[in-house]
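*Asks:* Sequence and computational prediction follow.
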Amino acid sequence: MDIPYTVKPREDTGLFNAKVGIWLFLASEVMLFGGLFSSYILLRVGAEDGSWPHGWLNVPLGTANTIVLIVSSVTVVMAWASLKMNQFSKFKLYQGLTVLCALIFLVIKTFEYNDKFTHYAVLQKDGSYVDGHLVTKKMNAAGTVLESITLHGMQTKDINQIVDPHKHRKEKHEHKEFTIAGTNIVRFADVAKVGQRIAFRPVPSMKDAAGNTLMIGNRAPRYNTYTAIYFTLTGLHALHVLGGAIVIGFLWGPGAAMWRTDPDRFTNRVEVSGLFWHFVDLVWIFLFPVLYLL
């Protein structure tokens, strides 16, 4: 027995079953992202004056991703319209372009995330800090992993020892070189010898004798409240982009075989996936100005 209203609209709603389902699902998604947006607003409004970070995000990359998603909204509509006009070859073209736009978005987002995970900051007790990016990671002749981090910013005191936020390390002997205001500091995962500038043991945190340094860490989700809510919002959105790309890609690839046997039902599936994709685009339209511009 066939399930009713898979193609023809229901009498009570004027919509076929899948369309009713996707609208109900999107309503729950609105509540999900609405709660997260509300959390962001409350956290930002409740932050002390001058404590909320500004300029941490790459606006050109965010703008590029916005353009990519807007273009994908157009192509997904064109794909559905092509099926309505019985132009399957054009559907394949526009559907493929939609998947391509989704992949471009995710690649750009990967570059943004990598920038955050390689951006380090050293915080001192007097409130001053220096920050910069991890620029190299290589193995020397002795087999010791060397990470060189160039930090830039204002420095009010010499940093004699740095706090390490990482609890577990794979390498037994590891050292990092920091360039801070022209001063090179090398730390080893061994006991310091007499006369060495600094010493480091692989523990979650340490303080130097002078007590200048509080912490060092990259801009990962655990760095502060801002990075936590940023990764939560954009990470959840990126998962939606990935999920939408998988569905749209399936309809572009093996799922397209339904066009030959049940074109009306296939067209409805494409329409439903397009509605989800429009929602994903709409969420980003709100995320971009809130996170990147304000």
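*Replies:* Yep, it's here.
*Asks:* give me the low-pLDDT residue ranges for the stretch 151-294 of the chain?
*Replies:* 151-214 (pLDDT under 70).
*Asks:* could you pull out the strands for the chain?
*Replies:* Read by DSSP state E, the chain holds these strands, from start to end of the chain: 119-124, 129-139, 145-152, 174-180, 183-188, 213-218.
*Asks:* What's the end-to-end length of stretch 79-96?
*Replies:* When the termini of stretch 79-96 are compared using Cα to Cα, to the nearest Å, they are 9 Å apart.
*Asks:* pLDDT on that stretch, on average?
*Replies:* Across stretch 79-96, the average pLDDT comes to 95.
*Asks:* Can you point out the buried residues in it?
*Replies:* Along stretch 79-96, these residues count as buried under the neighbour rule (16 or more other Cβ atoms under 10 Å): 79, 80, 82, 83, 91, 92, 93, 94, 95, 96. Glycine gets a C-beta too; all of them are placed from N, C-alpha and C.
*Asks:* Looks like the second one contacts residue 269 (just checking).
*Replies:* When you say that, I think you mean residue 80. No: with contact defined as Cβ atoms under 8 Å, residue 80 and residue 269 do not form a contacting pair (10.0 Å).
*Asks:* quick one: which of the buried residues of stretch 79-96 is nearest residue 246?
*Replies:* Residue 246 lies nearest to residue 95 out of these, by Cβ to Cβ, at 12.9 Å.
*Asks:* wouldn't that closest one be in contact with residue 77 here?
*Replies:* No: under the criterion of Cβ under 8 Å, residue 95 makes no contact with residue 77, lying 11.0 Å away.
*Asks:* per-residue confidence at residue 18?
*Replies:* Note for residue 18: predicted pLDDT of 83.
*Asks:* Distance-wise, check it relative to residue 57.
*Replies:* Plainly put, residue 18 is 37 Å away from residue 57 if you go by Cβ to Cβ, to the nearest Å.
*Asks:* do the same with residue 20
*Replies:* 38 Å.
*Asks:* swap in residue 227?
*Replies:* To residue 57, residue 227 is 10 Å away according to Cβ to Cβ.
*Asks:* now residue 259
*Replies:* According to Cβ to Cβ, residue 259 and residue 57 sit 42 Å apart.
*Asks:* what's the answer for residue 78, then?
*Replies:* Separation of residue 78 from residue 57 (Cβ to Cβ): 31 Å.
*Asks:* before we move on, what about residue 95?
*Replies:* Taken as Cβ to Cβ, the spacing of residue 95 relative to residue 57 amounts to 31 Å.
*Asks:* next one: residue 68
*Replies:* In this view, residue 68 and residue 57 are 16 Å apart by Cβ to Cβ.
*Asks:* Residue 222 now?
*Replies:* The gap separating residue 222 from residue 57 is 18 Å, by Cβ to Cβ.
*Asks:* Residue 266 now?
*Replies:* As judged by Cβ to Cβ, residue 266 and residue 57 stand 40 Å apart.
*Asks:* pretty sure residue 279 is touching residue 28, no?
*Replies:* No: with the criterion set as Cβ under 8 Å, residue 279 and residue 28 do not qualify as a contacting pair; they are 11.0 Å apart.
*Asks:* Can you pick out the residue with more neighbours from these two?
*Replies:* Here residue 279 and residue 28 are set side by side on neighbour count (other Cβ atoms under 10 Å), and the busier one is residue 279, at 18 against 8.
*Asks:* what about residue 266 and residue 57, which has more around it?
*Replies:* The residue with the greater number of neighbours, taking residue 266 and residue 57 and applying other Cβ under 10 Å, is residue 266; the counts read 21 against 18.
*Asks:* The more buried one is in contact with residue 272, isn't it?
*Replies:* No: with contacts counted by Cβ under 8 Å, residue 266 stays clear of residue 272, the gap being 10.8 Å.
*Asks:* Setting aside sequence neighbours, what's the nearest residue to residue 236?
*Replies:* For residue 236, ignoring the flanking residues on the chain, the nearest one in space by Cβ to Cβ, 6 or more residues apart in numbering is residue 36 at 7.2 Å.
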